[in-house]
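Peer 1: Based on what follows, work out the 3D shape:
(chains A and B)
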Amino acid sequence: MTMLRLVQMALGSLRRHVGRSLLTILGVVIGVASVVVMVAIGKGAEAAVNAKIAGLGTNLVVITPGAAAGAGVSGGAGSMDSLTIDDVRKLTQESVEAPLITPVIQTFSMAVAGKNNWRTSIYGVDVSYFEIRRWNISSGRVLDETDVRNSRKVCLLGATVAQVLFGGDDPVGKTLRLRGVPLEVVGLLETKGQTAEGNDQDDVTLVPYTTVRSRMAGRQFIAQILMSARSESAVPAAMREARAILREAHGLSTRAEDDFTVRDQGQIAAAAKGASEVMTTLLLAVASVSLVVGGIGIMNIMLVSVTERTREIGIRRALGARRRDVLLQFLVEAVVLSGVGGILGAGLGMAVTALVGRLTGWATVVTADSVVVALAFSFGVGVFFGWAPARRAAALDPIEALRSS
Amino acid sequence: MSVPVVALVDVGRRFEVGGAVVNALAGVDLVISPGEMVAILGTSGSGKSTLLNVLGCLDRPSSGEYRLDGEDVATLDDDALAGLRNARLGFVFQSFNLLPRTSALDNVALPLFYGRHRPGSDPLVQARIALERVGLGDRLHHHPNQLSGGQQQRVAIARALVTEPSLLLADEPTGNLDSHTTVEVMVLLQSLHAEGKTIILVTHERDVAMYCQRAITLADGRIVRDDSVSQRSAEVDLVRLDAERLA
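Peer 2: Got it, this is the predicted structure:
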């Protein structure tokens, strides 16, 4: 009996029990669909992280205060105010490898414009911030040397803040108040979207750092010093250099640990990727469980089917089917069941992925390998769980089988 | 003289049931030549079914020798027996044993798909020819539940014929049929016999045995009688039955 004929026969016998077959494969359908969806969401998150990191610029070096416990995990920004404006000046004067440097002085305040108010992050930055972060403006202008030198009362708004305070209007030329200080809006930043962690990067107000220091009361600290190395290959040198300069500035003895952390994008990327990979693996594990449960459902029904069709098996044996013909028949039936389940599941998974993408706005990527792996796995499930029932069918004694009612 | 289709020499078949030994067949000698139409008679428990299973290569004798078309069956393994059933034997059962929810055509073609030496011929074409031969050319795509008992048994006979076997084994082929349909099926079997088929028919009805040429009676696992029968024409009986029905 040819494989084609076996598959035709299996399809025929499954068609005779359409309702039951569909219920049987439901487990596999859901299993495969969830694998496809989970991987698509995981891969989407990973792709989003990668895109964000690329958008940050590969030359970026980030210095944060406080000692780090490990790669990418700081002791909490502001838990130690170990970075000072003098550090920034010293880095600016002495660094050869990183020509662009800006402090990011962070404070929080209620921003008020007319009747609207909004609690937002305020970053005090230098003129090079825009180039280092590769952040363009959609209207107005960026900060210039005069703004910084004269501590001018100007600011740029992120898209979120502008939307909340000024609705759809162009905020350029308008005025808002931060901690009682009136600031003129000179520019509107381009939309950046969320970070990989889900923080809204557009919920930000940029002010000259000198203005934050000299005109604003309240708690403020240097959350970050951002530097841009001369080139991507200069990043390690720039990191070493910055570390040496800061250790000297902080008067650390050779044995003392750093009271700051210098990181590049590679480490940040690794941390973010690690997190999203763990997530993908966990989701995949959960999805695999449902595939296995689906396989058990198939085994269950195949065992019932063998019992019900004992007489059929007897007839086939009398007509010349060998044991292996019967084994193959039931095995192929189980594989066709789970295979059809796998194909339907892959389709359902892609549909659900598209729906999730549309409803939540998450980036989702259906990869060919996730579909192929899920399909291969569902065929494997059919072979694995179809084996025992098929063996039972093949082992039946033809005389006994013919006698059964 | 040609090779006998069936040659049994002192065939025994023992079963152990709960420690007790049952001799279902206790030394059967039997030779059936090509073209014979033989009835095997016996009450239940006489060993009829066991003999049929042995003849049909579904079971192997515990002792003695069985040659089918001159081939010693005792030496063959399970797969070889399956091949023999497929190529040399055609089964007709009391309860028809057609696959449910499967068309007559597919039922008849089934043995051809298990065959291993028929290249170049389309099983469905052969199945159609076999169905036409039993007068069911217009029922090819009917399922068993859409056919009468007599029609179902004709499908089963077509399935038994489709591989052109040397021996047709019929186990109470008319046991589930009314008297009129019984005669109809016997007409068919007699016409196959007339074409040269070798037929063994197991029955407990003397009336049915009358349509054969030879009647073997089994009791306690032994052949107790082996009579030649003056074969009744089923066709004549059918004409008579139809006439009675009209009257």
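Peer 1: Report how many residues lie close to B:H142.
Peer 2: Using other C-beta atoms under 10 Å in any protein chain shown, B:H142 has 16 neighbouring residues. Using the backbone N, CA and C atoms, a C-beta is placed for each residue, glycine as well.
Peer 1: which residues sit in contact with the residue nearest to it when sequence neighbours are not counted?
Peer 2: In space, B:H142 comes closest to B:A104 once its chain neighbours are excluded; the distance is 5.5 Å by C-beta to C-beta, 6 or more residues apart in numbering or on different chains. With contacts taken as C-beta atoms under 8 Å, 6 or more residues apart in numbering or on different chains, B:A104 has the following neighbours: B:L98, B:L131, B:L136, B:R139, B:L140, B:H141, B:H142, B:H143, B:P144, B:L147, B:V155, B:A158.
Peer 1: hmm, 6 Å instead?
Peer 2: B:R139, B:L140, B:H142, B:V155 (C-beta atoms under 6 Å, 6 or more residues apart in numbering or on different chains).
Peer 1: Out of the residues you listed, which sit inside helices?
Peer 2: For those, the ones inside helices are B:V155, with DSSP state H as the criterion.
Peer 1: Out of the contacts of B:A104, give me the two with the largest separation.
Peer 2: Within the contacts of B:A104, two members stand farthest from each other by C-beta to C-beta: B:L140 and B:V155, at 9.9 Å.
Peer 1: Looking only at neighbour counts, state which of the two leads.
Peer 2: For the pair B:L140 and B:V155, the greater number of neighbours falls to B:V155 (26 against 17), based on other C-beta under 10 Å.
Peer 1: pLDDT value on residue 143, please?
Peer 2: Going with chain A. On pLDDT, A:L143 comes in at 92.
Peer 1: Switch to chain B, please.
Peer 2: At B:H143, the predicted lDDT confidence score is 95.
Peer 1: for the residue in the stretch 301-405 of chain A that chain B sits nearest to, phi and psi?
Peer 2: At 2.3 Å from chain B, A:G320 is the closest residue in the stretch 301-405 of chain A, using C-beta to the nearest C-beta. With angles defined as degrees, to the nearest 10, A:G320 shows backbone torsions of phi 120, psi 10.
Peer 1: what sits against it?
Peer 2: Applying C-beta under 6 Å, 6+ apart, we find A:G320 in contact with B:A82, B:R85, B:N86, B:P111, B:Y114.
Peer 1: now A:T84
Peer 2: With contacts defined as C-beta under 6 Å, 6+ apart, A:T84 is in contact with no residue.
Peer 1: got it, and A:R16?
Peer 2: With contacts defined as C-beta under 6 Å, 6+ apart, the neighbours of A:R16 are B:R101.
Peer 1: What separation do you get for B:E65 and B:G27?
Peer 2: As judged by C-beta to C-beta, to the nearest Å, B:E65 and B:G27 stand 12 Å apart.
Peer 1: ignore the last one, A:I222
Peer 2: As for A:I222, its distance to B:G27 is 108 Å (criterion: C-beta to C-beta).
Peer 1: Compare these two (neighbour count), which wins?
Peer 2: The neighbour comparison of A:I222 against B:G27 (other C-beta under 10 Å) goes to A:I222, with 24 against 15.
Peer 1: so the spatially most central residue of chain B, which of the three states?
Peer 2: What sits nearest the mean C-alpha location of chain B, by C-alpha atoms, centre = their mean, is B:L169, with 1.8 Å. Going by DSSP: H, G, I helix; E, B strand; the rest coil, the secondary structure assigned to B:L169 is strand.
Peer 1: pLDDT at it, what is it?
Peer 2: In the prediction, the pLDDT value recorded for B:L169 is 96.
Peer 1: Hmm, B:C57 and it touching each other?
Peer 2: No - counting by C-beta atoms under 6 Å, B:L169 sits too far from B:C57 to count as a contact (9.6 Å).
Peer 1: gap between B:E195 and B:S166?
Peer 2: Going from B:E195 to B:S166 by C-beta to C-beta gives 13 Å.
Peer 1: Neighbouring strands - and their directions - for the longest strand seen in chain A?
Peer 2: For chain A, the strand that runs over the most residues, judged by DSSP state E, is strand A:100-113. Partners of strand A:100-113 in the sheet, by DSSP bridges, are strand A:116-125 (antiparallel), strand A:175-178 (antiparallel), strand A:221-228 (antiparallel).
Peer 1: looking at those strands, which is buried most?
Peer 2: Across these, averaging neighbours per residue (mean count of other C-beta atoms under 10 Å in any protein chain shown) puts strand A:221-228 on top, at a mean of 23.
Peer 1: got the CA positions of that strand in PDB?
Peer 2: Output in PDB follows, covering the C-alpha atoms of strand A:221-228 (Å, rounded to 0.1, in the frame of the first residue of the first chain):
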ATOM      1  CA  PHE A 221      20.400  64.800  40.300                       C
ATOM      2  CA  ILE A 222      22.500  63.800  37.400                       C
ATOM      3  CA  ALA A 223      20.800  60.700  36.200                       C
ATOM      4  CA  GLN A 224      23.100  60.000  33.400                       C
ATOM      5  CA  ILE A 225      26.100  61.400  31.500                       C
ATOM      6  CA  LEU A 226      25.800  60.600  27.800                       C
ATOM      7  CA  MET A 227      28.800  60.500  25.600                       C
ATOM      8  CA  SER A 228      29.300  59.700  22.000                       C
END
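Peer 1: show me what contacts B:S166?
Peer 2: Contacts here follow C-beta under 6 Å, 6+ apart; on that basis B:S166 touches B:V5, B:D69, B:R88.
Peer 1: And it, what's its pLDDT?
Peer 2: The predicted local distance difference test score for B:S166 is 91.
Peer 1: Which residue comes closest to it once chain neighbours are left out?
Peer 2: Counting by C-beta to C-beta, 6+ apart, the nearest residue to B:S166 once its immediate chain neighbours are dropped is B:R88, at 4.9 Å.
Peer 1: Return the distance of the one you found relative to B:L81.
Peer 2: In terms of C-beta to C-beta, B:R88 sits 10 Å off from B:L81.
Peer 1: So these two - more neighbours on which side?
Peer 2: Counted by other C-beta under 10 Å, B:R88 and B:L81 do not tie: B:L81 has more neighbours, with 22 against 18.
Peer 1: what's the neighbour count on the residue of chain B found nearest chain A?
Peer 2: For chain B and chain A, the shortest gap (C-beta to the nearest C-beta) falls at B:N86, measuring 2.3 Å. As a burial measure, B:N86 scores 24 neighbours (other C-beta under 10 Å).
Peer 1: Does anything pack onto the helix or strand where it lies? Which helices or strands?
Peer 2: Using DSSP states H and E, the secondary-structure element containing B:N86 is helix B:78-88. Helix B:78-88 makes packing contacts with no helix or strand when contacts are defined by 3 or more C-beta pairs under 6 Å, 6 or more residues apart in numbering or on different chains; DSSP states H and E.
Peer 1: which residues in chain B form helices?
Peer 2: Using DSSP H, helices in chain B cover B:48-55, B:78-88, B:104-114, B:123-133, B:149-161, B:179-194, B:206-209, B:234-246.
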